[in-house]
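Enquirer: quick one, fold the following:
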Amino acid sequence: MGLSAKTPDEIAFLGQLGLRVRRARARAGLTRRTLAQRSGVSERYLAQLESGDGNISILLIRRVAAALGVDLIELTSERVDLGRRARIALIGLRGAGKSTLGARLAEQLQAPFIELDAEIERELGITLDNVFSVYGQDTYRDAERRVLARLLNEHERCVIATGGSLVVEPQTYQLLRSRCLTVWLRAEPEDHMNRVVAQGDLRPLRGREHAMVELRTILSQRERLYSLADRTVATSGLAERDSLAQLLAAVQDLSGAGLSGLPGDTDPLL
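Expert: Numbering: from 1, shown residues only. You can find the predicted model right below:
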């Protein structure tokens, strides 16, 4: 990979850094010009830094840290992103309950709820069906990585419902896991199918005599990837409120400080 080619994770890293610089400048009550005069850094560079397009040298340091297998804090005495525990990402196949439980969880946490596929449609200005039929899977995957990186930059706190196949894209899945607490909503194949059909979506059955066989195969192929999530919540055989209770308990356990601790993280970088 050339030095000019930034990964989605690096784009997200620079965006977080730019956000922190903007907030620190706002707290100090400084204009960008004044900050430039005091720091000896040009306004143009500061504008790039605050927009998430800073000098690549900081990425070189980050890459060295990754190559050494150490945290960036060991090389720079700075924390990169302490917001991971305030972002919850739900993964799993269609029909697992990501949209329903995700919206309820966000309401409980008083955090924004984001459906990644809906954001991809909004950015591309076209439905997902048309994205795949007109442009193909590569366009969808590129948009998925790009939109996810942007959303992680924009939201310190949120609940994200991801697409069922995100986990098969290593770079995108790594970005998600590095910036969010992940929960796999796990269900039996029959429940996946029944829930999708109950929502009025008959596409899984239309023209597919072996739909259940295909579904079981997909679940089997992705099980190892889904199991990389921080926690697993089984939703089969549970009422919605019981599934939500288990999900809340999992999030509370992951946060390490109870639900009240989710919104706040001190940030030594500032």
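
Enquirer: what is the strand or helix carrying Thr232 packed up against?
Expert: For Thr232, the enclosing helix or strand under DSSP states H and E is strand 231-234. If you count contacts as 3 or more Cβ pairs under 8 Å, 6 or more residues apart in numbering; DSSP states H and E, strand 231-234 packs onto strand 181-186, helix 240-255. The C-beta positions use only the backbone N, C-alpha and C, and glycine is treated the same way.

Enquirer: for the longest one, what is the average pLDDT?
Expert: Spelled out, that is helix 240-255. Across helix 240-255, pLDDT averages out at 89.

Enquirer: neighbouring contacts of it?
Expert: The list of residues contacting helix 240-255 from outside it, by Cβ atoms under 8 Å, 6 or more residues apart in numbering, reads 85, 88, 97, 100-101, 104-105, 108-109, 181, 183, 185, 230-231, 233-235, 238, 258-259, 261-262.

Enquirer: circling back to that earlier point, what about the strand holding Thr232, distance to the chain center?
Expert: Strand 231-234 has its C-alpha centroid displaced from the chain centroid by 17 Å (Cα atoms, centre = their mean, to the nearest Å).

Enquirer: buried stuff in that strand?
Expert: Buried residues in strand 231-234, defined by neighbour count with 16 or more other Cβ atoms under 10 Å: Arg231, Thr232, Val233.

Enquirer: the last one contacts Val183, correct?
Expert: Yes: in this structure, Val233 sits in contact with Val183. The criterion is Cβ atoms under 8 Å, and the distance is 5.8 Å.

Enquirer: how far off centre is stretch 226-241?
Expert: 18 Å.

Enquirer: first to last residue in it, what's the distance?
Expert: 23 Å (Cα to Cα, to the nearest Å).

Enquirer: and for stretch 34-48?
Expert: 16 Å.

Enquirer: got the buried residues for that stretch?
Expert: Applying 16+ other Cβ under 10 Å to stretch 34-48 flags Leu35, Ala36, Leu46 as buried.

Enquirer: list the contacts of the last one.
Expert: If I follow you right, that is Leu46. Val21, Arg32, Leu35, Ala36, Ser39 are the contacts of Leu46 under Cβ under 8 Å, 6+ apart.

Enquirer: can you name the two of those that sit furthest apart?
Expert: Based on Cβ to Cβ, the longest span within the contacts of Leu46 runs between Val21 and Ala36 and measures 12.2 Å.

Enquirer: so for the chain, the centremost residue is which one?
Expert: Leu176 (4.0 Å; Cα atoms, centre = their mean).

Enquirer: which strand or helix spans that one?
Expert: Going by DSSP H and E, Leu176 is in helix 170-179.

Enquirer: tell me the domain boundaries of this structure?
Expert: Split into domains by automatic domain parsing, the chain comes to 8-76, 84-261.

Enquirer: point out the most buried one among the ones you listed.
Expert: Mean neighbour counts were compared across those using mean count of other Cβ atoms under 10 Å; the top stretch is domain 84-261, at a mean of 17.

Enquirer: excluding chain neighbours, what is closest to Leu238?
Expert: Gln246 (7.2 Å; Cβ to Cβ, 6 or more residues apart in numbering).

Enquirer: where exactly do the helices run in the stretch 1-150 of the chain?
Expert: Secondary structure of the stretch 1-150 of the chain by DSSP state H, counting those that start in this stretch: the helices cover 8-28, 32-39, 43-50, 57-68, 72-76, 98-109, 116-124, 128-130, 137-154.
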